[in-house]
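**Q** Prediction below, plus the sequence it came from.
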Amino acid sequence: MQFIGDIRTDGVTAILQLGMNIVLFVPMGFFLARFFRLPSWVAVAVCCATSVCIEVAQLTGIFHLYPCAYRICDVDDVITNTLGGAVGVALGLWCNRAFPAPRINKTEVTMHPGFLRRCVSFAVDMGIVSMCQMLSIVLGRISGMEQSPLKAARSLCCSACGSCCSKALCHGVPMDAPSAASSPG
């Protein structure tokens, strides 16, 4: 219940943060209830589990990918995100009653697509994979991660809190020491 103290000290900013945490998960709850047709308790549980995973990622520095946590893990965020998911589930259930989905005629569904349809879907899939690969290469070059991931993670850590490289997270290796990726041979 830290958000009560935050509202007292930060005022409108804290209220906006709470509101945005709720709004963030409304679409997820809506889609789980409306399109995936999950039972309401399952949809709310999925929203809660997703929020817990996000908070654990914030606590552990993206599951120990980075040596230091870079965000604050907060139970209030889990509560407000789950509340947003529940609001989305309620909206999805209302839409299911107000605008029922049309029945699909099973005879019109293609169970055995032809060669051309399979080739087109393969080309689309490979295009998406190629774009993701190019994006990861560009982002890797921009961040400097393609040469030495360990050194880049250390520099991110040190810029965040200033003293992590002397701790066990970086195994006490000084910043100027060569990493395994940059050693010859």
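**A** Alright, I've got the coordinates.
**Q** Spit out the contact partners of the most centrally placed residue in the chain.
**A** Ranked by distance to the mean C-alpha position of the chain (CA atoms, centre = their mean), the top residue is residue 54 at 6.3 Å. The contact partners of residue 54, by CB atoms under 8 Å, 6 or more residues apart in numbering, come to 77, 81. All C-beta atoms are positioned from the backbone trio N, CA, C, and that covers glycine.
**Q** What mean pLDDT does stretch 134-145 get?
**A** Mean pLDDT, stretch 134-145: 78.
**Q** I misspoke; the intended subject was stretch 101-111.
**A** On average, stretch 101-111 scores 80.
**Q** Secondary structure element holding the residue nearest to the centre of the chain?
**A** helix 40-64 (DSSP states H and E).
**Q** by contact count, what packs against the very next helix or strand once past that helix?
**A** Per DSSP H and E, helix 40-64 leads on to helix 75-98 as the next helix or strand towards the C-terminus. Under the contact criterion of 3 or more CB pairs under 8 Å, 6 or more residues apart in numbering; DSSP states H and E, helix 75-98 touches helix 2-10, helix 12-34, helix 40-64.
**Q** low-confidence ranges in the protein?
**A** 69-70, 144-185 (pLDDT under 70).
**Q** Reformat the helices and strands packed on helix 75-98 as JSON lines; add distance to residue 109.
**A** Output for the helices and strands packed on helix 75-98, formatted as JSON lines (distance: least, CB to CB, whole Å):
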{"stretch": "helix 2-10", "distance to residue 109": "48"}
{"stretch": "helix 12-34", "distance to residue 109": "21"}
{"stretch": "helix 40-64", "distance to residue 109": "26"}
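**Q** closest one to residue 126 among those helices?
**A** For residue 126, the closest of the helices and strands packed on helix 75-98 is helix 12-34, at 27.0 Å, according to CB to CB.
**Q** ok, and for the closest one, which residues are buried?
**A** By neighbour count on 16 or more other CB atoms under 10 Å, the buried set for helix 12-34 is 14, 17-18, 21-22, 24-26, 28-30, 32-34.
**Q** same for that helix, what does it pack against?
**A** helix 2-10, helix 40-64, helix 75-98.
**Q** Just say which of these is most tucked in.
**A** Greatest average neighbour count among the helices and strands packed on helix 12-34 goes to helix 75-98 (a mean of 19), per mean count of other CB atoms under 10 Å.
**Q** Quick check: next helix or strand after that helix?
**A** helix 115-143.
**Q** quick one on the thing from earlier: dump the helices and strands packed on helix 12-34 into TSV; add distance to residue 122 as well.
**A** Below are the helices and strands packed on helix 12-34 laid out as TSV (distance: least, CB to CB, whole Å):
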stretch	distance to residue 122
helix 2-10	49
helix 40-64	31
helix 75-98	33
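**Q** Perfect, I'm done here.
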